[in-house]
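> no FASTA, just this:
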């Protein structure tokens, strides 16, 4: 009897709980045609600290700029030559280079890290550069 109940529950989930991928694309086609980075942040690599710095993204220039501004009180928490970056992207997008668990050297402000974003559905591409600097601002 127990097994029959489990089989019935699993059958209901399989029939009613799964949406088709095509339905999502059809109902929101604009969400799958965009090609951009929506947000970027970096976390400190210092053990015991969970500080986060969010980047500003300027898409009015070509290539678009992702800039991390590290405020003076947080200078000791960040090493610009070893920064781990995370981004939020639109649907169906691939990023080069793969950010993964790697760290990147963003210490040379004049030679920023190039980042390419490509939409796998439309083939559209957008170029970004990623920079970081330590600011003397306190807030």
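That came through fine. Because the structure is a prediction, the values reported are computed rather than measured.

> Quick one: find the helix or strand in the protein with the lowest mean pLDDT.
The helix or strand with the lowest mean pLDDT-type score in the chain, counting by mean pLDDT, DSSP states H and E, is helix 21-27 (a mean of 50).

> Mind listing the strands the following helix or strand past that one pairs with, and their directions?
Per DSSP states H and E, the first helix or strand lying C-terminal to helix 21-27 is strand 37-43. Using DSSP bridges, the strands paired with strand 37-43 are strand 52-54 (antiparallel), strand 84-89 (antiparallel).

> strands paired with the next helix-or-strand element following the longest one, and their directions?
Spelled out, it's strand 84-89. Next helix or strand after strand 84-89 toward the C-terminus (DSSP H and E): strand 93-96. Partners of strand 93-96 in the sheet, by DSSP bridges, are strand 113-119 (antiparallel).

> Counting by contacts, list what the helix or strand that the partner strand is followed by packs against.
Proceeding C-terminally, strand 113-119 gives way to strand 125-134 as the next helix or strand, assigned by DSSP H and E. Contacts defined by 3 or more CB pairs under 8 Å, 6 or more residues apart in numbering; DSSP states H and E place strand 125-134 against strand 37-43, strand 64-70, strand 113-119. The way it works is simple: take the backbone N, C-alpha and C, and place the C-beta from them, glycine included.

> among these, which is the most enclosed?
Stretch with highest mean neighbour count among the helices and strands packed on strand 125-134: strand 64-70 (a mean of 19; mean count of other CB atoms under 10 Å).

> so how far is residue 123 from the residue most central in space within the chain?
The centroid of the chain falls nearest to residue 87 when counting by CA atoms, centre = their mean (1.5 Å). Distance, residue 87 to residue 123, using CB to CB, to the nearest Å: 20 Å.

> Can you lay out the helices and strands packed on strand 125-134 as a markdown table showing distance to residue 131 and mean pLDDT?
Shown next, in a markdown table, are the helices and strands packed on strand 125-134 (distance: least, CB to CB, whole Å; pLDDT from 0 to 100):
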| stretch | distance to residue 131 | mean pLDDT |
| --- | --- | --- |
| strand 37-43 | 11 | 91 |
| strand 64-70 | 5 | 94 |
| strand 113-119 | 8 | 93 |
